[in-house]
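Chemist: Got a sequence here, can you build the structure:
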Amino acid sequence: MPGFLKCNCEHCGGRIEYPAEAVGANAACPHCQQETPLKLDGGDDAEVLQVGGGKAKMVIGVVVASVVAVAVLAGALFWVKRKAAQKEAAGTTPTPSAKAEKAGAVVATNPAARVELDPPKAVVPVVGKFQNGLTGAQIKHGREVFGGACTDCHRQYDPATYNDTEWERTIGSMRGKAKLRGGDSAALDTFVRAVRN
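Modeler: The predicted model follows:
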C-alpha cells in the first residue's frame, strides 16, 4: 500500500503531505508557493498515513456478514423447531406420507379389500350411588354449574386444593358475582363435596 508522509515547510511552517516515494525531492509548498525539500519528520510526532486497505476492509466485511447470516439461520432453525414442538404438543396429527396415501388409495379403489366396521353401539352410562350418597346426576349438574359459571374467571381452578373454610369463603363471596341461584349454588356445593372426598 502506498504511504503518505507529512513534513513542515521550511519557509512558512505549514504542513505538507506527500507520497513516501518523494522523500528528498523539492516541491512547492501549497501554503506559501515556495520551493521546499520534502524530508522525513523526526521525533515522536511523525505521521504516516496509509491509503488503501480495501482488501482488509472487504475481508472484515465478509466475515461480519457471514457471522450475521449464521446467526440469522440459527435463529430461524430454532424458531421452526419450537413451532413444530408447539404443534406436536397441541395434538395436531402429522400429514401421512406419500407412501401411506398411495396405500390408502389402493385400499379405497379395491372394494374386495375394504373393511366393514360394525355400527357404533349406544353406550348407556350406569348411574349409581357415589360418595356420600350422591348420584351421578347430582354431581353432573354441579359440574355443569362449575364449568359454566366458575371457569369463566377461574380457568385452572381446582376445588380439591382448598380446605373447607377456604371453600366456604370462596363460594360465599362468589355466589353473587357468578350470579348463582339457590339450586345452582347447592349443586355446585354437591360437586365440590364429591370432588374433595
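Chemist: any low-confidence regions in the chain?
Modeler: Applying pLDDT under 70 to the chain flags the ranges 1-2, 42-53, 91-134, 149-164, 167, 169-173, 175, 195-197.
Chemist: what do you get if the cut-off is 80, keeping everything else the same?
Modeler: Along the chain, the parts satisfying pLDDT under 80 run over 1-3, 40-54, 89-197.
Chemist: which helix in it runs the most residues?
Modeler: Counting residues, the longest helix found in the chain (DSSP state H) is helix 54-90.
Chemist: Helices of this structure, start to end?
Modeler: Under DSSP H, the chain gives helices at 54-90, 98-109, 136-145, 164-177, 182-196.
Chemist: tilt between the last one and helix 136-145?
Modeler: Counting by axes from the mean of the first three to the mean of the last three CA atoms, to 10 degrees, helix 182-196 points 100 degrees away from the direction of helix 136-145.
Chemist: Run through the neighbouring helices and strands of helix 182-196.
Modeler: Counting contacts by 3 or more CB pairs under 8 Å, 6 or more residues apart in numbering; DSSP states H and E, helix 182-196 packs against helix 136-145, helix 164-177. In short, each C-beta sits where N, CA and C put it, glycine included.
Chemist: And for the third one?
Modeler: Using 3+ CB pairs under 8 Å, 6+ apart as the contact criterion, the elements in contact with helix 136-145 are helix 182-196.
Chemist: Can I get the helices of the chain in a markdown table including mean neighbour count and distance to G24?
Modeler: A markdown table is the format used below for these (neighbours: other CB atoms under 10 Å; distance: least, CB to CB, whole Å):
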| stretch | mean neighbour count | distance to G24 |
| --- | --- | --- |
| helix 54-90 | 10 | 29 |
| helix 98-109 | 10 | 81 |
| helix 136-145 | 17 | 103 |
| helix 164-177 | 12 | 98 |
| helix 182-196 | 17 | 102 |
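Chemist: So which of these is nearest L38?
Modeler: Counting by CB to CB, L38 lies closest to helix 54-90 out of those; the figure is 26.4 Å.
Chemist: Could I get the helices of the chain in a markdown table, plus columns for distance to C32?
Modeler: What follows is these, written out as a markdown table (distance: least, CB to CB, whole Å):
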| stretch | distance to C32 |
| --- | --- |
| helix 54-90 | 35 |
| helix 98-109 | 86 |
| helix 136-145 | 102 |
| helix 164-177 | 94 |
| helix 182-196 | 102 |
